[in-house]
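> please work out how this folds:
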Amino acid sequence: MKLKTIASIFNRNKQLTIYTTESGEQWLSNGMAMYSLRGMPYMESETILRIFDVPPDKRSKWFCNESKMTSTVEYEDNTENETGMEPLNVKIEWLDDKYWFFQDGKKIYGFKEEYIKPLLDEPDYLTYHKRELDCGVFVLACKIGFEIKAIIFPCALHKEKKHTEEIEQIARLYKSMQLEQTANADYEFYGTNEQPGGVDPETGEILDGQESFGEELL
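Predicted structure coming up:
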């Protein structure tokens, strides 16, 4: 992961914090996502802003902080309070954000897709883990190989009732479409086992499929 790939994430709210652990390892955070700077030279806020191509006359608009790593964040490569998570093939665009959903076998959790995208340059080695912190909060720990690369906090979707109802409506419609497709599949199986209608490949005649369907049933 290159630092410039996460520049847009930090440019949105113009806020960054550099955390340094007791061992000297550094992490870059915007408050909702943290990215490991392992293997990079020692960074200061001004260095990060230069890498992000922030002009000198615009840097005063940024809130930058440098601090010791908080004790509540477990940034080690492996912890006891960790279980694997699997990404679902479901993403929702909600207002101005896109959410990607993950499951741990019991529950489903949503995370902003933009926080995960910078890690997708090595998808074959990327794994996801639910990590519970001592304070009771859980995070998505993203690893490439055996090394942790990012810690991402879950996002709450908009809490207005109408939005919840819209998602439920989409789920109902999607389920009805699946049932309809299943019914069509049964129709094809008990009929010609082919899609009704079409074009005769030899004559070019338009076929409606009704005759062959009746013959199969008889």
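
> and Cys135, how far from Thr70?
Distance from Cys135 to Thr70, counting by Cβ to Cβ, to the nearest Å: 10 Å. Using the backbone N, CA and C atoms, a C-beta is placed for each residue, glycine as well.

> overlap in contacts, those two.
Contact with both Cys135 and Thr70 is made by no residue, according to Cβ atoms under 8 Å, 6 or more residues apart in numbering.

> can you tell me the SS state at Val54?
Of the three states, Val54 takes coil according to DSSP: H, G, I helix; E, B strand; the rest coil.

> list the contacts of the nearest residue to it once chain neighbours are set aside.
Leaving aside its sequence neighbours, Val54 sits nearest to Trp62 (Cβ to Cβ, 6 or more residues apart in numbering; 6.8 Å). The neighbours of Trp62, taking Cβ under 8 Å, 6+ apart as the test, are Lys14, Gln15, Leu16, Leu49, Val54.

> and the nearest residue in space to the fourth one that is not next to it in sequence, how far is that from Leu133?
Once its chain neighbours are removed from consideration, Leu49 has its nearest residue in Arg59; the separation is 5.3 Å (Cβ to Cβ, 6+ apart). Going from Arg59 to Leu133 by Cβ to Cβ gives 32 Å.

> of the contacts of Trp62, closest to Gly145?
Leu16 (26.1 Å; Cβ to Cβ).

> looks like that closest one contacts Ser45 (just checking).
Yes. Counting by Cβ atoms under 8 Å, Leu16 does reach Ser45; the two are 6.9 Å apart.

> more crowded one of Cys135 and Thr70?
The neighbour count for Cys135 versus Thr70, taken as other Cβ atoms under 10 Å, is higher for Thr70 (13 against 10).

> name the SS class of the more buried one, please.
coil.

> and Met40, which of the three is it?
coil.

> what residues are up against it?
Counting by Cβ under 8 Å, 6+ apart, Met40 has contacts Leu3, Gln26.
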